[in-house]
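1. quick one, structure for this:
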Amino acid sequence: MTLASKITIARILLIPIFMVFMLVPGIPYGNYIAAFIFVVASVTDSLDGHIARSRNQVTTFGKFLDPLADKLLVTSALIILVEQGKVPSAIAFIIVAREFLVSGLRMVAVTEGKVIAASMLGKIKTVIQLVAIVVILMDNMPFSLIGVPAADILLYVALFLTLWSGIDYFVVNRHVLNFGTKEDETK
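-> Next up, the predicted model:
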């Protein structure tokens, strides 16, 4: 197993620890510790990819596990934040639904022998989502000290980028879905 895959597995193993600090009541500074764990897990996403590419150790296992780890991390945070009333369920649903839809599009592409790489817009969306989640976990600190609702602003920017990047993936890769031609319909 490559070092990059081990880092990805470590990211997945951080998720239940993150969840404990978010869900167990009475842990002093639990949400701040959870935010720190979330940041560490988020940083490992860039780290494992960099290591895999720089060492020429990109594996099928890594290609499968890395995006899964990202989705598990973000989804676990969103579900908890919805439960705690810090993120509207509709926003969480849209973010998670977009991930399912784009993953489905990628699976269809693979069956056609095509690969849909992450777009720059998708990468920016991910960074903004992660930053928004961290700011929400930190109860909008330090922005609350100056009265700026950064958590809300970042969440809505993340929502916008989620929608935009999701639409972009489908527009750019619509050929993958091959809705058929008039010739196909007559057969």
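
2. can you map out the strands along this structure?
-> In the chain, no strands are defined using DSSP state E.

3. give me the buried stretch members for stretch 55-64, please.
-> With burial defined by 16 or more other C-beta atoms under 10 Å, the residues of stretch 55-64 counted as buried are G62. (Glycine included, C-beta is placed from N, CA and C.)

4. roughly how far out does that stretch sit from the chain middle?
-> From the chain centre to the centre of stretch 55-64 is a distance of 19 Å (C-alpha atoms, centre = their mean, to the nearest Å).

5. could you do stretch 2-18 as well?
-> How far stretch 2-18 lies from its chain's middle: 15 Å, per C-alpha atoms, centre = their mean.

6. is it true that I15 touches L73?
-> Yes: between I15 and L73 there is a contact at 5.8 Å, judged by C-beta atoms under 8 Å.

7. and the two? Which one has more around it.
-> It is L73, of I15 and L73, that has more neighbours when counted by other C-beta atoms under 10 Å, with 23 against 18.

8. any figure for the gap between the more buried one and V82?
-> L73 is 15 Å from V82, where distance means C-beta to C-beta, to the nearest Å.

9. below-threshold pLDDT in this protein: ranges please.
-> Scanning the chain for pLDDT under 70 picks out 145, 179-187.

10. can you give me the helices in it?
-> Here the chain has its helices, by DSSP state H, at 3-23, 30-54, 60-83, 89-111, 120-137, 150-172, 174-177, 182-186.

11. in TSV, list the ones you listed along with distance to S144.
-> Output for those, formatted as TSV (distance: least, C-beta to C-beta, whole Å):
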stretch	distance to S144
helix 3-23	19
helix 30-54	13
helix 60-83	16
helix 89-111	20
helix 120-137	10
helix 150-172	8
helix 174-177	43
helix 182-186	57
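
12. hey, which of those is tucked in deepest?
-> With neighbours taken as mean count of other C-beta atoms under 10 Å, the helices of the chain reach their highest mean count in helix 120-137, at a mean of 20.

13. thanks a lot, see you next time.
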